[in-house]
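**Student:** Coordinates only, no sequence provided:
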């Protein structure tokens, strides 16, 4: 029936488009330390708060969140000069100014803190971690996240 409506080449094109769609669904590999060497080539974080925030240049697993203070992919704690690392991004700083964090993959919302944040051009979100563990959130390669305020209790 499809072949009758679309013809031989139309049916082949439709089949190819469907195959490509099915291959791309669910094939998103987990983010990991990449070799993004050009400023602006990956995820960015801007810290607009008066406190440091923790960021990571790696991610493992298929989930978009992780509970805990340190991500499993982190091999170098507090390192500005390695992939598979995390660091405290100082108040007023941006990840895009740090070579190994040109592609930042995650930001930590610290335990017992209320953090207000937003994506570039989007509304403000609130992550309330009072009485809870720290929570890491993964974001995609071209997202830009702004951490607007952080109040810890």
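**Tutor:** Cool, got the structure. Every value quoted in this text rests on a predicted model; they were computed, and no experiment measured them.
**Student:** tell me which element the residue lying closest to residue 148 once chain neighbours are set aside falls in.
**Tutor:** Of all residues not flanking residue 148 in the chain, residue 116 sits nearest, at 4.5 Å (C-beta to C-beta, 6 or more residues apart in numbering). Where C-beta positions appear, they are placed from N, C-alpha and C, glycine not excepted. Of the helices and strands defined by DSSP states H and E, residue 116 is found in strand 113-119.
**Student:** mean confidence for that strand?
**Tutor:** Per-residue pLDDT over strand 113-119 has a mean of 97.
**Student:** Then stretch 45-63?
**Tutor:** pLDDT averaged over stretch 45-63 gives 96.
**Student:** re the thing from before, confirm for me that the residue nearest to residue 148 is in contact with residue 128.
**Tutor:** No - the criterion here is C-beta atoms under 8 Å, and residue 116 misses it with residue 128 at 9.9 Å.
**Student:** These two: which is more packed in?
**Tutor:** For the pair residue 116 and residue 128, the greater number of neighbours falls to residue 116 (17 against 13), based on other C-beta atoms under 10 Å.
**Student:** Roughly how far does the more buried one sit from residue 68?
**Tutor:** 22 Å (C-beta to C-beta, to the nearest Å).
**Student:** Same check on residue 50?
**Tutor:** 25 Å.
**Student:** ok so, going back, show me which residues of the strand holding residue 116 are buried.
**Tutor:** Within strand 113-119, the residues that count as buried by 16 or more other C-beta atoms under 10 Å are 113, 114, 115, 116, 117.
**Student:** chain center to that strand, what's the gap?
**Tutor:** 15 Å (C-alpha atoms, centre = their mean, to the nearest Å).
**Student:** quick one: contacts for the residue nearest to residue 148?
**Tutor:** Counting by C-beta atoms under 8 Å, 6 or more residues apart in numbering, residue 116 touches 124, 125, 126, 147, 148, 149, 150.
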